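Undergrad: Please work out how this folds:
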Amino acid sequence: MTTNSTQSTDLLDRTPLLTTLTKASMGIVAAGLLAFIFVSEDILVSLAFHVPAFVGLGVVLVLLRFKFTELASAVFISLFWGIFLAACWTFDGVRSASMGGFLLVVIASGLLMSSRAAFGVAFASAAAGLLMVVADARGVLPDPIMNLTNSFKLVSWAMYFGMAAVLLHVTVSRLREAVATAAKNETAYLKAAEELRRTSVSKEYVEQIIRSMADAVLVLDAEGRIESVNTAARDMLGFSDDELIGIKHDSLLVGASSMLRKESSVRRLEATYAGADERRVRVTLSMAMIRDADGKAEGLVCIAHDISAREQVRRALEDARADAEAASLAKGDLLANMHQLLSAPLNEIIAATGVVLEESDPGTVRKELERIREKSQGLLEAVGDIKDEGDRIGTPLGAPKRVGPQ
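TA: Predicted coordinates:
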């Protein structure tokens with residue numbers, strides 16, 4: 001993927017470069033053709049070199065229009081290499097002004113093609129030069145096909161200098177672009193490095209916060225295995241990192257694991273962890289899915305708040321409430337018994353007192369007084385029983401005081 005992307009970017013960079021070279025070359029070829037028409041004695045020879053060059057450059061522009069940049073580069077280099085080779089072969093070999101054209105072709109291939117291709121063009125140019133030297137030494141080099149006047153040589157050199165100027169301009173522009181791109185990349189790199197440094201600091205800060213949290217934090221992978229825990233989780237469960245890392249989170253839960261596997265997000269669910277030494281830790285559990293940039297689940301983060309102390313307080317309150325309710329019922333029973341125990345003797349005492357007040361017979365009065373004493377004694381015993389019952393249910397009433405003769 002990276003290689004293809006790099007190649008695509010490289011081709012896009014070559015397209016404007018090759019377009020500029022092709023258009024400039026077409027202008028130079030057209031100007032050279034007009035100049036040769038005036039200075040050359042054989043117009044057909046000039047047409048034989050310049051018209052194919054002009055047509056070939058047109059083909060390069062068509063290829064560029066359809067985004068065939070590599071093929072267009074190869075056609076451009078091959079076209080001029082072939083023209084310069086033909087010109088040297090037909091116009092005095094290595095002494096021809098066209099020999100300088102091979103250098104231009106090598107430079108252009110370095111700009112438009114890969115290093116391997118440019119090396120191949122340079123090697124082919126050197127081989128062509130050596131071939132013409134050998135051919136000239138052996139006398140097999142053909143005579144010039146036309147008279148090489150000074151005007152002809154001047155136009156040829158003007159064309160080569162024009163091509164050299166275009167290549168120099170393009171090369172300098174490309175170097176400037178490379179420097180600007182390098183500076184931009186350096187700036188982007190420095191920004192990325194600063195962002196990385198800032199992000200790394202933030203990550204360490206977040207990890208420090210997690211480590212110092214009072215609630216237990218457990219980070220799970222996509223398969224539900226524990227990847228990391230904080231200090232509070234280790235203390236709550238009584239396990240070390242080595243005992244926790246890599247085990248299934250469900251294996252620590254009592255009863256709620258099947259429910260948690262069905263949920264991607266849980267808030268304040270009451271659950272029970274099975275810790276070391278057969279301890280049971282009651283918690284409120286919150287879970288949230290961790291997703292990557294594409295939304296794919298990468299794991300879960302679990303935050304468990306220990307509510308064991310709260311549960312103990314709740315159970316103590318429930319026990320106290322039950323005791324209070326039982327005491328209230330006992331007090332009700334006590335009052336009912338008091339009413340029953342006291343009302344009957346008091347009614348009899350009141351009745352006996354009424355008889356004494358109305359009766360004048362001493363015997364009857366004595367009898368009723370003894371009856372009053374007997375009932376009062378029974379009433380006093382009933383009060384003692386009530387005290388004992390009050391002491392039993394936690395409501396001391398104080399000891400009854402006996403009055404009268406014993």
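Undergrad: what residue ranges in the stretch 101-250 of the chain are flagged as low confidence?
TA: Across the stretch 101-250 of the chain, the ranges flagged by pLDDT under 70 are 145-150, 152, 199-203.
Undergrad: go again using 90 as the cut-off
TA: For the stretch 101-250 of the chain, applying pLDDT under 90 flags the ranges 101-118, 129, 131-215, 218-224, 227-228, 231, 235-236, 240-242, 248-250.
Undergrad: Tell me which stretches of it form helices.
TA: Residue ranges of the helices in the stretch 101-250 of the chain, as given by DSSP state H, counting those that start in this stretch, are 115-137, 150-212, 231-237, 241-244.
Undergrad: and the shortest one, what other elements does it pack with?
TA: Judged by 3 or more C-beta pairs under 8 Å, 6 or more residues apart in numbering; DSSP states H and E, helix 241-244 is in contact with strand 226-229, helix 231-237. From N, CA and C alone the C-beta is placed, and that goes for glycine too.
Undergrad: circling back to that earlier point, can you put the helices of the stretch 101-250 of the chain in CSV and add distance to residue 84 and mean neighbour count?
TA: Below are the helices of the stretch 101-250 of the chain laid out as CSV (distance: least, C-beta to C-beta, whole Å; neighbours: other C-beta atoms under 10 Å):
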stretch, distance to residue 84, mean neighbour count
helix 115-137, 8, 14
helix 150-212, 9, 13
helix 231-237, 78, 18
helix 241-244, 75, 12
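Undergrad: Can you add distance to residue 370 and give these back as JSON lines?
TA: Formatted as JSON lines, those follow (distance: least, C-beta to C-beta, whole Å):
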{"stretch": "helix 115-137", "distance to residue 370": "140"}
{"stretch": "helix 150-212", "distance to residue 370": "86"}
{"stretch": "helix 231-237", "distance to residue 370": "77"}
{"stretch": "helix 241-244", "distance to residue 370": "86"}
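Undergrad: Let me know whether residue 97 touches residue 153 as I believe.
TA: Yes: Residue 97 is in contact with residue 153 according to C-beta atoms under 8 Å; the separation is 5.7 Å.
Undergrad: hang on, the earlier thing: the helices of the stretch 101-250 of the chain: which one's closest to residue 296?
TA: Nearest to residue 296, of all the helices of the stretch 101-250 of the chain, is helix 150-212, at 20.8 Å by C-beta to C-beta.
Undergrad: Got phi/psi on residue 287?
TA: Backbone geometry at residue 287, expressed as degrees, to the nearest 10, gives phi -130, psi 140.
Undergrad: Now for it, how many residues are close by?
TA: 20 (other C-beta atoms under 10 Å).
Undergrad: Next up, the contacts around residue 247.
TA: 225-226 (C-beta atoms under 8 Å, 6 or more residues apart in numbering).
Undergrad: looking at the helices and strands packed on helix 241-244, which is closest to residue 30?
TA: Per C-beta to C-beta, nearest to residue 30 of the helices and strands packed on helix 241-244: strand 226-229, 71.6 Å.
Undergrad: packing partners for the closest one?
TA: strand 216-221, helix 241-244.
Undergrad: in that strand, what counts as buried?
TA: Neighbour counts using 16 or more other C-beta atoms under 10 Å place 226, 228-229 of strand 226-229 among the buried residues.
Undergrad: Any chance of a markdown table for the helices and strands packed on helix 241-244, columns distance to residue 87?
TA: Listed next are the helices and strands packed on helix 241-244 as a markdown table, based on distance: least, C-beta to C-beta, whole Å:
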| stretch | distance to residue 87 |
| --- | --- |
| strand 226-229 | 73 |
| helix 231-237 | 84 |
